[in-house]
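Asker: here are the coordinates; sequence isn't available:
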């Protein structure tokens with residue numbers, strides 16, 4: 001198996017990252033409403049996430065982006081992996097990088113029904129700090145708050 005490589009995202013990655021985001025969400029969380037078109041997600045990644053976050057892309061030498069993470073001010077805002085690349089260490093590599101580059105710790109929000117993600121974060125040292133009813137997110141879906149401290 002080839003080594004997973006990480007690098008800072010560029011504007012050239014945004015179309016592929018849009019695809020990763022939409023596919024991963026549909027597969028992992030089919031219960032979520034589809035609030036935005038692909039064009040709107042691309043705009044958001046280009047104008048909000050890319051300039052405001054440490055946006056990291058995971059890829060292999062002979063493949064395009066397989067996943068990405070976005071960290072902003074001690075918060076892991078996004079970690080998405082292409083469905084066909086899940087279970088291969090991509091998410092673990094992205095999370096390890098986020099933790100390494102967040103010496104004060106990380107906080108994240110995950111939907112309560114996303115049990116696979118919750119188990120992943122718990123396995124990697126995050127602890128549950130709060131369960132919320134969903135009024136704080138645009139999907140109105142109950143979520144959970146996790147924290148990791150070095």
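Answerer: Thanks, I have it. On a predicted model such as this, the values are computed, not experimentally measured, just so you know.
Asker: which other residues reach the top helix by length along the chain?
Answerer: If you go by DSSP state H, the chain has its longest helix at helix 14-28. Here helix 14-28 makes contact (CB atoms under 8 Å, 6 or more residues apart in numbering) with 9, 32, 38, 41-42, 45-46, 50, 55, 57, 64-68, 78, 80-83, 86, 114, 116-117. To be clear about C-beta, it is placed using only N, CA and C from the backbone, and glycine gets the same treatment.
Asker: now swap in stretch 62-70 and tell me
Answerer: 2, 4, 9, 13, 16-17, 20-21, 24, 49, 53-60, 76-82, 85, 88, 90-91, 94-95, 97-98.
Asker: what's whichever strand or helix holds residue 129 packed up against?
Answerer: Assessed by DSSP states H and E, residue 129 sits inside strand 127-132. In terms of contacts (3 or more CB pairs under 8 Å, 6 or more residues apart in numbering; DSSP states H and E), strand 127-132 is packed against strand 143-148.
Asker: the inter-axis angle of the strand it packs on versus strand 127-132?
Answerer: Strand 143-148 runs at 160 degrees relative to strand 127-132, counting by axes from the mean of the first three to the mean of the last three CA atoms, to 10 degrees.
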